[in-house]
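Asker: below are the sequence and a predicted model; questions follow.
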Amino acid sequence: MQLKLLKSKLHQAAVTGCALHYHGSLTLDPELMDAVGILPYESILVSNMATGDRAETYAIPGTPGARQVELNGSMARLGAPGDRVIVMAFAQLDADEVEGHQPRVVALDRENRIIERLDALYVPLGLRAAVAP
C-alpha cells in the first residue's frame, strides 16, 4: 500500500506576478524551492488562502533571491499579486516508509522571506500503527 503524504510546503507565499499568456506553471525563487525540497518541474498544488481555490501545476525555477511566486498561464486565474497562497508537493510512500517521514515546511512573510521553519511536524506513533501493513 502506498500513501500520499505532504513532502514540501511554502505557507503564506505572496503572489508577486501573474502572466496569463505565459506557459503554465508556477515560477518560484529557487532558494524557496531548495528550502522545502521542491524540484524543478515537480507537480505542486497551489491554494489561494483568500478564496480557497486550488489548482495543480508544476514548479519552474525563477531568479535566485528574487522571491518570485508567479502564477503563469491558466494558473494566473487563481490569484493576483499580493494574494497569499500555499504551495504543496506530495510524495508517495510505502507504509513502512511513513515512520520518520517529515515534510519540509516554511512560513513566509509578505515579502516571501522565510520567517519560520515548521519541520517539526511528524506522523504521530498512533497514526503510524494505523497505516502499517
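Answerer: Happy to help now that I have it.

Asker: stretch 59-70: end-to-end distance?
Answerer: End-to-end distance for stretch 59-70, by CA to CA, to the nearest Å: 10 Å.

Asker: how about the helices in this structure?
Answerer: Taking DSSP state H to define them, one finds helices in the chain at 30-36, 125-131.

Asker: pick out the shakiest of those helices, pLDDT-wise.
Answerer: Among those, helix 125-131 has the lowest mean pLDDT, at a mean of 53.

Asker: show me what contacts residue 49?
Answerer: Neighbouring residues of residue 49 by CB atoms under 8 Å, 6 or more residues apart in numbering: 12, 83-86. In this view, the C-beta of every residue, glycine as well, is placed from N, C-alpha and C.

Asker: same thing but 10 Å
Answerer: Listed by CB atoms under 10 Å, 6 or more residues apart in numbering, the contact partners of residue 49 are 11-13, 79, 83-86.

Asker: for residue 63, see how far away residue 17 is.
Answerer: Residue 17 is 12 Å from residue 63, where distance means CB to CB, to the nearest Å.

Asker: what's the answer for residue 39, then?
Answerer: 17 Å.

Asker: equivalent analysis for residue 105, please.
Answerer: Applying CB to CB, the value for residue 105 to residue 63 is 23 Å.

Asker: how many neighbours does residue 23 have?
Answerer: When neighbours are counted by other CB atoms under 10 Å, residue 23 registers 8.
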